[in-house]
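Chemist: how would this look folded up:
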Amino acid sequence: MIANTRINQWRSCARGFLLEHWWYLFTIMSSRKIQRLGIAPPVIERLHRHGVFSCQDLLSKTRLELLKMTGVTNSQLTNILLVASRACLPRQTTALSMYDAAGREECPAFFKTSLGQLDQVLHGGLPAGTISEIAGPPGCGKTQFCIMLSVLATLPAAMGGLDGAVAYIDTESAFSAERLVEVARCRFPVHFSCDEAYIALTSRIHVYQESTCCSLLARLQNLEEDLITKGIRLIVLDSVASLVRKEFDSSLRGNLIERTNLLSKQAAILKYLAEAFSIPMIKLRLCLRMGTLSLEFSLHAVEG
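Modeler: Numbering: from 1, shown residues only. Model (predicted):
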């Protein structure tokens, strides 16, 4: 009887997590900007004047409201709503189509760390389109490693870089611009031999300092637009655990479930962004003496 009860609890938790995960994925995709849907620019302009910027904004309006806003015909509005609805749904695909898409992908499949032995162990470097987690005790160099990768990401492709910008989400106030410049000067003294190179480096690394779990979640929800407009090719999250430790008492069951739900939402966003833009994403995790705080969902933790 006890075993059956535990199994039912596990199934209930798993079912609730999956439903919430899929619903949240839909919410993420519905935040897509309407200018990315291929709608005529004059219609986009009219919608913007009425505060409609995302698919969610568009689909939350009535047909009558949209007809008044856009001035299009009823059939044209139907096509617009159909395009927006399809953009919010995860696309079904096959392994073959995913394999073919990977073969046609213009972006590099791996981001080399410039450390030969590490790249060899990783079979080429940090894979694009996935989340790479770096774990270790305090003071072992996790943040410095990410600063080095941030420098690398801004370098031209000919030098092994991604020739793009970096989104560095800092929750511990650990990022140091001075350290960034020092790493760049020591690792690539020839390239960073003039002030223009340092200006180009520092202007391409966008640091977001978040001090609460809610502000971090809001930042992740709105990060897609920055990826497009700023040409971001690497995301660093340093780190989730510090905020969770401050705001949640893991000894309370209610807090544990709330914490797990929050982390699963953040994981869904990170996974979507990494896959949608085919970019590497790095997440730092602090290892503690009595255990670790991780972004991965744990059914055992929810069971209590």
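Chemist: counting by contacts, list what the host helix or strand of residue 67 packs against.
Modeler: Following DSSP states H and E, one finds residue 67 within helix 63-70. Where contact means 3 or more C-beta pairs under 8 Å, 6 or more residues apart in numbering; DSSP states H and E, helix 63-70 is packed against helix 41-49, helix 74-88. C-beta coordinates here come from the backbone N, C-alpha and C atoms, glycine included.
Chemist: and the contacts of that helix?
Modeler: 43, 46, 47, 49, 50, 52, 58, 61, 74, 77, 80, 81 (C-beta atoms under 8 Å, 6 or more residues apart in numbering).
Chemist: quick check on those: which are buried?
Modeler: With burial judged by 16 or more other C-beta atoms under 10 Å, the buried subset of these is 43, 46, 47, 52, 58, 61, 77, 80, 81.
Chemist: if we can go back for a sec, make a markdown table out of the helices and strands packed on helix 63-70 and add mean pLDDT and distance to residue 246.
Modeler: Output for the helices and strands packed on helix 63-70, formatted as a markdown table (pLDDT from 0 to 100; distance: least, C-beta to C-beta, whole Å):
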| stretch | mean pLDDT | distance to residue 246 |
| --- | --- | --- |
| helix 41-49 | 93 | 38 |
| helix 74-88 | 90 | 34 |
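Chemist: just put the ones you listed in TSV and tack on distance to residue 228.
Modeler: TSV is the format used below for those (distance: least, C-beta to C-beta, whole Å):
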stretch	distance to residue 228
helix 41-49	15
helix 74-88	15
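Chemist: spatially central residue in the chain, please.
Modeler: residue 270 (3.1 Å; C-alpha atoms, centre = their mean).
Chemist: helix, strand, or coil at it?
Modeler: When classified by DSSP: H, G, I helix; E, B strand; the rest coil, residue 270 comes out as helix.
Chemist: tell me the confidence at it?
Modeler: What the model reports as pLDDT for residue 270 is 87.
Chemist: begin at 48 from here
Modeler: Got it, the first residue is 48 from now on, which makes the last one we talked about residue 317.
Chemist: correct me if wrong: it contacts residue 330.
Modeler: Yes - with contact defined as C-beta atoms under 8 Å, residue 317 and residue 330 form a contacting pair (7.1 Å).
Chemist: skipping its backbone neighbours, what lies nearest residue 286 in space?
Modeler: Spatial nearest neighbour of residue 286, excluding adjacent residues (C-beta to C-beta, 6 or more residues apart in numbering): residue 331 at 4.0 Å.
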